[in-house]
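Asks: I'll drop the sequence and a predicted model, then ask my questions.
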Amino acid sequence: LDILNVTELLDALVALGTKLRLVLSFFTLRSDFMDYKTILDTANAIKEKLDNFTPKVAIVLGSGFGEVIDSIENKVEISYKDVPNMPVSTVAGHKGSFIFGNIENTKLAVMNGRVHLYEGYSVDQVVLPIRVLKLLGCETIILTNAAGGISYNLKAGDLMALNDHISVFAPNPLIGKNIDELGTRFPDMSCAYDRELTKLLSDTAIKCGIPLKEGVYAQLTGPSYETPAEIRMLRSLGADAVGMSTVCEVIAARHCGLKVVAMSLITNLACGMENKELNHKEVQEMGANITPKISKLIKSFVPLLKG
C-alpha cells in the first residue's frame with residue numbers, strides 16, 4: 001500500500017469508529033432515570049385538568065393525520081408545554097398538544113403530534129406520553145405515521161396497516177432498570193400489533209371504500225432520509241415502509257399492556273426508487289391531500305373499539 005492509500009484507510013477507520021460509538025451510545029442509553037414516580041406525576045398533572053374524564057382509547061397523530069381532530073366532540077386541549085416532564089414537539093406538522101373528547105361514545109385521548117429521537121430527546125422522553133396514556137386509563141392505542149414506501153407494491157398516497165416491525169439502530173425503551181409497575185422485564189413481541197384490531201381496521205376500510213394495505217414497518221433514527229443502499233438493505237430484511245418513529249412507542253405500549261393497532265400514510269417512495277430528492281414539504285403536502293380519507297377511516301373505526 002502506498003502512503004495515500006494508508007492515509008485514506010486510516011481516515012475511513014476513524015470515521016467508522018466514530019459511527020460505531022454513536023450507534024453504541026444509542027444501545028446503551030439507560031431508562032432508569034425516568035422512574036415510575038415521574039410518569040405517575042405527569043399523568044396526575046393531566047388528570048387535574050380533566051373533570052373525571054377517563055379515556056379508553058389513545059390516538060397518536062403523525063404527519064398527515066391532523067384532520068382527525070375535527071371529528072372529536074367535547075374537546076379539551078392541553079398543550080404539552082403545560083404538562084410537567086412532557087417533551088415538546090419541534091417538527092412542522094406536529095402541533096404538540098393532548099386533545100381529550102369523544103367520537104360517539106368512545107372516550108379518547110389524542111396526541112396531536114409526537115416527539116422523535118432526532119429532536120434530541122432520549123428514548124425515555126419519546127415514550128413518556130405512551131406510558132402516561134396508560135396511566136390515564138387507556139386500554140388501546142392507535143399509532144399513525146408518515147412513511148416512505150419500500151415495497152414495489154406501495155405508492156404515494158397508500159395507507160398501510162402495520163403487521164410487524166423492524167428496529168434499525170433505534171434504542172429500545174426498556175433498556176435499564178425495569179419499571180415493574182408498568183410491565184414485565186421481558187415482554188413478548190410475537191404479536192405486537194393486535195391481529196383482531198388490525199382485522200377490524202381492514203374490514204372498516206373496506207366498508208368505507210378505502211384501500212388499506214398491510215406490511216412491515218422499519219424505524220430508523222433520522223433526521224436524514226435513508227440512502228439508496230439502506231433502502232435496499234431494508235427491503236432485503238423484509239420491510240415494506242420506513243420512518244423515524246413508532247417502533248419505540250409500540251414496545252413501550254406493549255410493555256405496559258396497551259393493545260396496539262397502527263397505520264402508515266405512504267407519503268413518498270423511499271430514496272433511490274424515484275429520480276428526485278426527498279423533502280419534508282412533500283410529506284406535509286401528501287398528508288394534506290389524503291387527510292379526508294384518513295379522517296373518515298378513523299372516525300368509523302374508533303366507535304367500534306371497546307377500550
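Replies: That came through, no problem.

Asks: ok, which stretches of the stretch 51-200 of the chain are strands?
Replies: Assigned by DSSP state E, counting those that start in this stretch, the stretch 51-200 of the chain shows strands spanning 57-61, 73-79, 97-103, 106-112, 140-149, 159-167.

Asks: can you tell me which of those comes nearest to Ser245?
Replies: Proximity to Ser245 (C-beta to C-beta) singles out strand 140-149 among the strands of the stretch 51-200 of the chain, at 5.3 Å. Placement of C-beta: from N, CA and C, glycine included.

Asks: Tell me where the model's unsure across this protein.
Replies: Residues of the chain that meet the criterion pLDDT under 70 lie in 1-33, 64, 92-94, 278-280, 282-288, 306-307.

Asks: ok, now how distant is the spatially most central residue of it from Val127?
Replies: By C-alpha atoms, centre = their mean, the chain has its centre lying nearest to Thr246, at 2.2 Å. Distance from Thr246 to Val127, counting by C-beta to C-beta, to the nearest Å: 11 Å.

Asks: just Leu197 next, same as before
Replies: Using C-beta to C-beta, Leu197 is found at 20 Å from Val127.

Asks: Ile59 is in contact with Arg114, correct?
Replies: No - look at Arg114 against Ile59 with C-beta atoms under 8 Å: they stay out of range, at 10.9 Å.

Asks: Chain neighbours aside, what residue packs nearest to the residue nearest to the centre of the chain?
Replies: Nearest residue to Thr246, sequence neighbours excluded (C-beta to C-beta, 6 or more residues apart in numbering): Asn145, at 5.0 Å.

Asks: Can you report how many residues neighbour the one you found?
Replies: Around Asn145 there are 27 other residues, counting by other C-beta atoms under 10 Å.

Asks: show me the residues around it that make contact.
Replies: Applying C-beta atoms under 8 Å, 6 or more residues apart in numbering to Asn145 gives the contacts 62-63, 217, 243, 245-246, 262, 264-265.

Asks: One more: Phe98?
Replies: The contact partners of Phe98, taken as C-beta under 8 Å, 6+ apart, are 46, 77-78, 80, 83, 109-112.

Asks: what are the pairing partners of the helix or strand hosting Ile266, and which direction each?
Replies: Secondary structure from DSSP states H and E places Ile266 in strand 259-269. Partners of strand 259-269 in the sheet, by DSSP bridges, are strand 140-149 (parallel), strand 159-167 (antiparallel).

Asks: could you dump these to a markdown table with distance to Glu104?
Replies: What follows is the strands paired with strand 259-269, written out as a markdown table (distance: least, C-beta to C-beta, whole Å):
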| stretch | distance to Glu104 |
| --- | --- |
| strand 140-149 | 15 |
| strand 159-167 | 22 |
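
Asks: from those, which stretch is densest packed?
Replies: Mean neighbour count, computed with mean count of other C-beta atoms under 10 Å, is highest for strand 140-149 among these, reaching a mean of 26.

Asks: contacting residues around Leu304?
Replies: 200, 204.

Asks: Who are the contact partners of Asp35?
Replies: So Asp35 contacts Ile179 (C-beta under 8 Å, 6+ apart).

Asks: now do Ile179
Replies: 31, 35-36, 39, 131.

Asks: Among these, which one is most surrounded by other residues?
Replies: Highest count within these by other C-beta under 10 Å belongs to Arg131, 28 neighbours.

Asks: Thr144 touches Val260, doesn't it?
Replies: No - contact criterion C-beta under 8 Å: Thr144 and Val260 do not qualify, at 11.7 Å.

Asks: number of nearby residues for the closest residue to Ser71 other than its chain neighbours?
Replies: Using C-beta to C-beta, 6+ apart and skipping the chain neighbours, the partner closest in space to Ser71 is Lys299 (4.3 Å). Residue neighbour count, defined by other C-beta under 10 Å, stands at 18 for Lys299.

Asks: same deal with Ala241?
Replies: Ala241, neighbours per other C-beta under 10 Å, totals 27.

Asks: do Thr291 as well
Replies: Residues within reach of Thr291, counting by other C-beta under 10 Å, total 17.
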